[in-house]
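Chemist: need a structure here:
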Amino acid sequence: MMGIALARCEVPDELVDRLSNRVTHRGDGEPEVQFLYRQRPRVLPVWHHGRLVIMPWAGWCPLEELESRAWSERRPKQADIPATYCVDRGIWYQVKEGIRGVIVQNQVYPITQPASHYYRVMTRSERMPLLIGESF
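Modeler: The predicted structure is shown next:
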């Protein structure tokens, strides 16, 4: 996963004011706010303590490493990254709720897992995000 888009209507106005350079339209769709890994600064929206905040996007966290407790010294805290769409290798796909992530030292890491066959064929990627409430 190399980025997400969140429907503009899902982002509070005070955040949109700070993110105006990320507001865009894809095709004939509604306005959306895009968060791409190649953009600087690298940031993602995160639900944190009941509020939508913007945090630095530090990289990715493999689910296998979380499950093996390899990240335990970092004290990761669960986070939900809201998203309407995700993009991987140029392929945009719709998501229902968003992506699971972890926060470490005020930075967010989307959780990834080995790609399903469907996801691998669709994006040519070996890893896929851990989606909230759905799977490929």
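
Chemist: please enumerate the strands of the protein.
Modeler: Secondary structure of the chain (DSSP state E): strands at 3-7, 23-24, 32-36, 43-48, 51-56, 61-62, 77-82, 85-88, 91-94, 98-104, 107-114, 127-129.

Chemist: in CSV, list those strands along with mean neighbour count, mean pLDDT and distance to residue 71.
Modeler: All C-beta spots, glycine's among them, are computed from the backbone N, C-alpha and C. As requested, the strands of the chain are arranged in CSV below (neighbours: other C-beta atoms under 10 Å; pLDDT from 0 to 100; distance: least, C-beta to C-beta, whole Å):
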stretch, mean neighbour count, mean pLDDT, distance to residue 71
strand 3-7, 21, 96, 22
strand 23-24, 12, 91, 33
strand 32-36, 19, 96, 22
strand 43-48, 20, 96, 17
strand 51-56, 15, 95, 17
strand 61-62, 20, 97, 7
strand 77-82, 18, 96, 11
strand 85-88, 20, 96, 22
strand 91-94, 12, 95, 27
strand 98-104, 22, 97, 7
strand 107-114, 20, 98, 9
strand 127-129, 22, 97, 16
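
Chemist: out of these, which comes closest to residue 15?
Modeler: Proximity of the strands of the chain to residue 15 was assessed by C-beta to C-beta; the nearest stretch is strand 51-56, lying at 6.4 Å.

Chemist: ok, and the closest non-adjacent residue to residue 84?
Modeler: Distances taken as C-beta to C-beta, 6 or more residues apart in numbering place residue 7 nearest to residue 84, at 4.7 Å, with adjacent residues excluded.
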